[in-house]
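J.: Got a predicted structure here, sequence first:
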Amino acid sequence: MAEKKLLLIDGNSVAFRAFYALYNSVDRFTNHDGLHTNALYGFNTMLDKLLKTEEPSNILVAFDAGKKTFRTEKFAAYKGNRNKTPKELTEQLPYFPDLLAGYGIKSYQLVNFEADDIIGTMAKAAENQGYQVTIVTGDRDLTQLTTDKVTVAVTKKGVSEVEYYTPEYIAEKFAGLNPRQIIDMKALVGDSSDNYPGVTKVGEKTAIKLLTQYDSVEGIYQNIEQMKQSKLKENLLNDREVAFLCKNLAEIRQDAPVEISLADTKWTGVDDEKLRTFYQEMDFKSFLSKMQVSEEKTAAPLEYTVLTAANLDLISERQPKEVAFYLEMDGPNYHKAELTGFSLKLDDSYFVSRNCQLLKQPALKELLAKQAVDVFDVKRTYVGLKRLGLDLARVDFDLLLVSYLLDNSENSNDLGILAQAHGYQEIASDEVVYGKGAKFKLPSDDDVYFEHLVHKVKAIAALKADLYQQLKANQQEQLYFEMERPLSLVLAEMELAGIKVDTDCLESMQSKFKERLAEIEQVIYQEAGKEFNINSPKQLGTVLFEDLGLPYAKKTKTGYSTAAPILEKLQGQAPIVDNILQYRQLAKLQSTYVEGLLKVADEADHKVHTRYTQTLTATGRLSSVDPNLQNIPVRLEEGRKIRQAFVPSKPGWEIFSSDYSQIELRVLAHISGDENMQAAFKRGLDIHANTAMNIFNLDSPDEVTPNLRRQAKAVNFGIVYGISDFGLARNIGITNKEAKTFIDNYFAAFPGVHQYMQKSVALAKKQGYVETLFKRRRYLPDIHAKNFNLRSFAERTAMNTPIQGSAADIIKVAMIRMNEMLAKENLAAKMLLQVHDELIFEAPKEEIPILERLVPEVMDSAVKLTVPLKVESKHGRSWFDAK
DNA sequence: GTAGTCACG
DNA sequence: ACGTACGTGACTACC
């Protein structure tokens, strides 16, 4: 901490800036009482940062005392045109003293004076006593106070970024002016926000010119007679009084009668208790946890026992009622990461070790195989133990899964972060303890590492009762116990099984693509007239739209858009366009699929083991990572061939695949209760053709041309996504008006769907969330947003999530049933992949007829809807051939 | 680390 | 008037 350093903060100004910086999400920042908190939040962020960067010895926050000041006495209109402070901000103002008290910071206001004058006065006093001073404000006027000892930090772009004004910086920015001349400049130019006029027709440039020549307002008027006749001179003469009045108003007082001394501003540090109470009141969870982490370092160490081969009897002699277990690894990919330690909570005792081989000892092995265990991420834990040849037989509470079901908007998969989000502050995130990215490193210090691991099992146990209670309150017990938890094990088995890739096949594709890419590359260089990096959108944009002068259709933030739909519009205008599209397509296949898969295929058995993220999506779908096996090409023939490389793991086996046909539309028919739509499915009609007949008023199916059907299909998709005329219009290339007609016709034909859409949005508004068939929740705070975009997005989400999410629920149930069925029927077939509405298996050829019968049976009976579910199956020697 | 692009349902 | 389709992950370039 610097010996004598004073931080002066312009309270009102910074609060305003903070408020408007977070104005777009003003409705996201509310506490449990509905109080808006965005300005407080922004102010806090700024303070936090400032204290770290400035390390002041003294701090004072100055506030305006009221509207009436000595300036309004001189000039009644002063600040007279200010808009009324928004009520969302007004309601926050009373809480600033609490925030400041938490930080242990003094605040001050003075009747008849503005915050500026308090700051000016204090700055001068401090400077005289040898302090370094930093003034923080959102108001550039204060830069007039800048000296060698006084720096003015003006907030920009939000509040945490500031622009530092020093005398040198001012000189540079305003063509050589000194800080005192800022006052003169303002007097001449005027200030619209403070509502005083300045001299007619004088702007910043003219003011700088005048001040460079005559130094000040006084200097100008002393010399005005010698100025040659001009409009400017005339204006100056006319507005003489105004100019002097404005200068008087603009000048910040440095002699205000403040009753506060520098000694009073001495900063003695944060008042933890008060600040914590304040954060709790405001629901500032991230700040709370930040506090906790820094405090934890000084907290009393947790008692635990380090397990060794010699003291395992400490485990075996116990008969614990409650067991929590955590298995640590050195990376996210639990199929490959090293097992780096574990921790265990047996009732009130904690055990920990770096040596995971200990888990194979009978004492621990049997505990895991027999006891009900609470964990964080059962799938990860299950796979990790399987790699040691161990079973995890009975999992009760999974903190990760339950957290996800309670609120999937907090989609972190970090134990510490989730625990904090649920109010348990006694743990840090992995990122804090281990670092991230290249800096990731497990602590070599046993105390640090063991304590973190022990905190993990402690957090799991501590949250169990409360989170179960919440599940119950949400009626989500079935969702957890009967769907997500059993599904975790099904997914674990699928991941462990892996799918074999034919690496020879991929390698031959690789060399073929390499050749073709090289050829096309040369042609493109010729057509462009130069060599450049085709993979760089920036360089490509320059070549197409500048060098070749093609008309550009759209710009991105950083340049021209070169996305496929844009380029497709340019086809025919230059042959290079086709070649680029071709190049892009091949490059994508090569880098992402051919080379991507080769990279992750196991050397020995040529299998790839994806990981399904079960706790990520907002709708309840799974996602697949490392590698992503849910986006293997299929739409274009060229890419589809990648699927030839996905083959059964054993000779004489085949790939078998079953997919739900139009599951989302069937779900919509079910939940909307629309009779017309339900009838179409019950009669087994072609749903898109049926929609075409309805929206285009056709009498017979014969009138449905392929083009009409295509358009109707787009409308059906649009409905599922939460339709808008603009979106539909853009998708199928019609006018907004035509799109609107289609939609109106659709809603007229399917009134139940229309009602469902309205009901979903209304429900989201009323309860703050929407639900799927199985009571999976998605919270939509933006449904109340003032911002049109945010609100519209939330409305579309309210319509889409129950549809997409219920479809996800259905296939999850089907997967659990499927695994049971495979076991019960004693089949060798294995379920390997899930692609949202499709399940992929490998099976001995002789089991194929059995699967053709049983898989659709299981899938379409997974959930009983008011419309039938339809399942289509296919099989072949590779995934490509299962078509 | 972010942006642009493109693969899937 | 606002300015959008819903849900994902991986790769490359570029700061």
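T.: It's in. Since the model is a prediction, treat every value here as computed from it, not as a measurement.

J.: in chain A, which helix or strand is least confident?
T.: helix A:285-296 (a mean of 66; mean pLDDT, DSSP states H and E).

J.: Could you tell me which residues of chain A lie near DNA strand B?
T.: A:436-437, A:537, A:541, A:556-559, A:561-565, A:567, A:581, A:584-585, A:588, A:592, A:630-636, A:639-640, A:804, A:835-838 (CB under 7 Å from any atom of the strand). Placement of C-beta: from N, CA and C, glycine included.

J.: The residue of the stretch 301-450 of chain A at minimum distance from DNA strand B and A:Asn413: what is the separation?
T.: Nearest residue of the stretch 301-450 of chain A to DNA strand B (CB to the nearest atom of the strand) works out as A:Gly437 at 4.6 Å. Computed as CB to CB, to the nearest Å, the A:Gly437 to A:Asn413 distance reads 16 Å.

J.: Ok, A:Asp744 next?
T.: 44 Å.

J.: And the two? Which one has more around it.
T.: Between A:Asp744 and A:Asn413, counting by other CB atoms under 10 Å, A:Asn413 is the more crowded of the two (18 against 13).

J.: Now the host helix or strand of A:Glu795: buried residues?
T.: Counting by DSSP states H and E, the element that carries A:Glu795 is helix A:788-824. Buried residues in helix A:788-824, counted by 16 or more other CB atoms under 10 Å: A:790-791, A:793-819, A:821-822.

J.: and what of stretch A:48-59?
T.: Applying 16+ other CB under 10 Å to stretch A:48-59 flags A:Leu50, A:Leu51, A:Glu54, A:Pro56, A:Ser57, A:Asn58, A:Ile59 as buried.

J.: Can you give me the domain assignment for chain A?
T.: A:5-174+A:254-265, A:294-473, A:500-622+A:631-639, A:623-630+A:640-674+A:753-883, A:690-749 (automatic domain parsing).

J.: With distance to DNA strand C added, can I get those domains in TSV?
T.: As requested, these are exported to TSV (distance: least, CB to the nearest atom of the strand, whole Å):
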stretch	distance to DNA strand C
domain A:5-174+A:254-265	11
domain A:294-473	7
domain A:500-622+A:631-639	3
domain A:623-630+A:640-674+A:753-883	3
domain A:690-749	2
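
J.: okay, those domains in TSV with distance to A:Gly190 next?
T.: Formatted as TSV, the domains of chain A follow (distance: least, CB to CB, whole Å):
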stretch	distance to A:Gly190
domain A:5-174+A:254-265	12
domain A:294-473	47
domain A:500-622+A:631-639	35
domain A:623-630+A:640-674+A:753-883	32
domain A:690-749	43
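
J.: can you tell me which of those domains the model trusts least?
T.: Ranked on mean pLDDT, the bottom entry among these is domain A:5-174+A:254-265, at a mean of 83.

J.: centre of the chain versus it, how much separation?
T.: In terms of CA atoms, centre = their mean, to the nearest Å, the centre of domain A:5-174+A:254-265 is found 31 Å from the chain centre.

J.: What is the end-to-end distance of it?
T.: Criterion CA to CA, to the nearest Å; first-to-last residue distance in domain A:5-174+A:254-265 is 11 Å.

J.: So what's the residue count around A:Gln590?
T.: That count, for A:Gln590 with other CB under 10 Å as the rule, works out to 18.

J.: Go ahead and list the helix or strand containing the closest residue to it other than its chain neighbours.
T.: Excluding the flanking residues, the one nearest A:Gln590 by CB to CB, 6 or more residues apart in numbering is A:Phe513, at 4.5 Å. Element membership for A:Phe513, per DSSP H and E: helix A:503-528.

J.: From the contact counts, what lies against that helix?
T.: Packing contacts for helix A:503-528, counted by 3 or more CB pairs under 8 Å, 6 or more residues apart in numbering; DSSP states H and E, involve helix A:575-588, helix A:596-600.

J.: Could you list the buried residues of it?
T.: A:Thr503, A:Cys505, A:Leu506, A:Met509, A:Gln510, A:Phe513, A:Leu517, A:Ile520, A:Ile524, A:Glu527, A:Ala528.

J.: what's the closest of these to A:Ser873?
T.: A:Cys505 (24.2 Å; CB to CB).

J.: and the closest one, what does it touch?
T.: Shown in contact with A:Cys505 (CB atoms under 8 Å, 6 or more residues apart in numbering): A:Gln644, A:Ala645.

J.: From A:Leu597, how far off is it?
T.: A:Cys505 is 10 Å from A:Leu597, by CB to CB.

J.: so what's in contact with the two at the same time?
T.: A:Ala645.

J.: before we move on, what SS does the residue nearest to A:Ile566 when sequence neighbours are not counted have?
T.: Distance criterion CB to CB, 6+ apart; nearest residue to A:Ile566, sequence neighbours excluded, is A:Ala553 at 5.1 Å. Secondary structure assignment for A:Ala553 (DSSP: H, G, I helix; E, B strand; the rest coil): coil.

J.: Please give the number of neighbouring residues around A:Ala553.
T.: Neighbour tally, A:Ala553, other CB under 10 Å: 14.

J.: same deal with the one 5 residues further on?
T.: The number of residues packed around A:Thr558, counting by other CB under 10 Å, is 9.

J.: mind checking the SS state of the residue lying closest to A:Val871 once chain neighbours are set aside?
T.: The spatially closest residue to A:Val871, leaving aside those adjacent along the chain, is A:Pro856, at 3.9 Å (CB to CB, 6+ apart). State at A:Pro856, reduced to three classes by three-state DSSP: helix.

J.: Could you count how many residues lie near A:Pro856?
T.: Neighbours around A:Pro856, by other CB under 10 Å: 18.

J.: go on, A:Asn238?
T.: That count, for A:Asn238 with other CB under 10 Å as the rule, works out to 12.

J.: tell me the SS of A:Val61?
T.: strand.

J.: what residues are up against it?
T.: A:Leu8, A:Ile9, A:Gly11, A:Leu100, A:Ile105, A:Lys106, A:Ser107, A:Tyr108.

J.: Quick check: A:Arg710 vs DNA strand B, distance?
T.: A:Arg710 sits 16 Å away from DNA strand B, going by CB to the nearest atom of the strand, to the nearest Å.

J.: Remind me which helix or strand that residue belongs to.
T.: Assigned by DSSP H and E, A:Arg710 falls in helix A:706-721.

J.: Determine the angle, from 0 to 180 degrees, between that helix and helix A:788-824.
T.: Angle, helix A:706-721 to helix A:788-824, by axes from the mean of the first three to the mean of the last three CA atoms, to 10 degrees: 90 degrees.

J.: So which elements touch helix A:706-721?
T.: helix A:663-672, helix A:687-695, helix A:725-732, helix A:736-749, helix A:788-824.

J.: Repeat the analysis, applying 6 Å as the threshold.
T.: helix A:687-695, helix A:725-732 (3 or more CB pairs under 6 Å, 6 or more residues apart in numbering; DSSP states H and E).

J.: sorry, back to before: do you know how far the residue nearest to A:Ile566 is from A:Ser444?
T.: For A:Ala553 relative to A:Ser444 (CB to CB), the value is 56 Å.

J.: I'd assumed A:Lys588 was in contact with the residue nearest to A:Gln590.
T.: No. Applying CB atoms under 6 Å as the test, A:Phe513 and A:Lys588 come out as separate, 10.2 Å apart.

J.: on that earlier part again, and the buried residues of stretch A:48-59, which is closest to A:Leu368?
T.: A:Leu51 (47.1 Å).

J.: excluding its backbone neighbours, what's nearest that closest one?
T.: A:Tyr103 is the one closest to A:Leu51 (CB to CB, 6+ apart), at 7.6 Å.

J.: Just give the number of residues close to that neighbour.
T.: 20.

J.: As a check, name the ranges of all helices in the stretch 351-500 of chain A.
T.: A:362-370, A:378-387, A:399-406, A:415-421, A:430-434, A:446-473, A:477-478, A:485-497 (DSSP state H, counting those that start in this stretch).

J.: can you pull the buried residues of the last one?
T.: Translated: helix A:485-497. Under 16+ other CB under 10 Å, the buried positions of helix A:485-497 are A:Arg485, A:Pro486, A:Leu487, A:Ser488, A:Leu489, A:Val490, A:Leu491, A:Ala492, A:Glu493, A:Met494, A:Glu495, A:Ala497.
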